[in-house]
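Asks: Based on what follows, work out the 3D shape:
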Amino acid sequence: MSRSPARAFLLDPRLLIGVLLVAGSVAGVLAIVSAADDSITVLAAPAALAPGDRVGESDLEVRSVRLDSSADRYLAPGDVPAEGVVVTRAIGAGELIPVDAVGEVDGERLAPLVLSVEGALAASVEPGASVDVWAAQAVDGGFGEPGVVVTGALVVRLVETRTIVTGGGVTGIEVLVPRIRIAAVLAAVANDAALSIVPASIPLGG
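Replies: Sure, this is the predicted structure:
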């Protein structure tokens, strides 16, 4: 019994071209979507943070943003150690957390003090600024030579400014100082030393 020859399968070139066009279109769309979706996750402050605040990762919000080359300037999930971090400058509500705006937890080594300083403060003395505290001891008829009692204190806030009878002004300023320097500062205050707040020195480039 003879069999009829199998019919040869003929591939229509138009079908092949259509399949290739569809595959190319899908691949192009996927490539565009992949290139456009280059957002990363970073941490943001749900509420305003002040210098000296201690926060953990659970205290912050996770945001998906596009930062391009500046991504490494901000804290990302996993960057915050278990003990948390300390805020070193004011951070507004909703602001991304810059890496240089937080430091290691040293709450055991820092303590807040409110100091009264006669005269005006430099414009750069604001929350988050690093300052040196100088004291001039009271002597008969005036004050002795001033000296530094704290270096690199962190300004938390400016408390108040009031005018005294002599016509000068007194400014209250809250600063974070190392605990090992608290005794020296309190001694200066108790001895009626004149305190001055000076912006911390900035190294000059050669």
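Asks: Find the residue ranges of the protein scoring beneath the pLDDT cut-off.
Replies: For the chain, the stretches with pLDDT under 70 are 1-12, 16, 28-38, 105-108, 161-169, 201-206.
Asks: can you do 50?
Replies: Confidence mapping of the chain against pLDDT under 50 gives the ranges 166, 203-206.
Asks: May I ask you to name the longest strand in it?
Replies: If you go by DSSP state E, the chain has its longest strand at strand 147-163.
Asks: Give the buried residues for that one.
Replies: Neighbour-count burial for strand 147-163 flags Val149, Val150, Thr151, Ala153, Leu154, Val155, Val156, Arg157 (criterion: 16 or more other C-beta atoms under 10 Å). C-beta coordinates here come from the backbone N, C-alpha and C atoms, glycine included.
Asks: What of stretch 72-90?
Replies: Tyr74, Leu75, Ala76, Val80, Gly84, Val85, Val86, Val87, Thr88, Arg89, Ala90.
Asks: do the same with stretch 119-138
Replies: Buried-residue list, stretch 119-138, by 16+ other C-beta under 10 Å: 121, 125-136.
Asks: May I ask which two of the residues you listed are separated the most?
Replies: Pairwise distances across these (C-beta to C-beta) peak at 26.5 Å, for the pair Gly128 and Ala136.
Asks: Among the buried residues of stretch 72-90, which lie within strands?
Replies: Val85, Val86, Val87.
Asks: which among those gets closest to Leu110?
Replies: Of all these, Val86 has the smallest distance to Leu110: 7.8 Å, by C-beta to C-beta.
Asks: quick one: contacts for the residue most central in space within the chain?
Replies: Nearest to the mean C-alpha position of the chain, by C-alpha atoms, centre = their mean, lies Ala101 at 1.9 Å. Neighbouring residues of Ala101 by C-beta atoms under 8 Å, 6 or more residues apart in numbering: Val87, Thr88, Arg89, Ile91, Gly128.
Asks: Before I go, just wanted to say thanks for your time.
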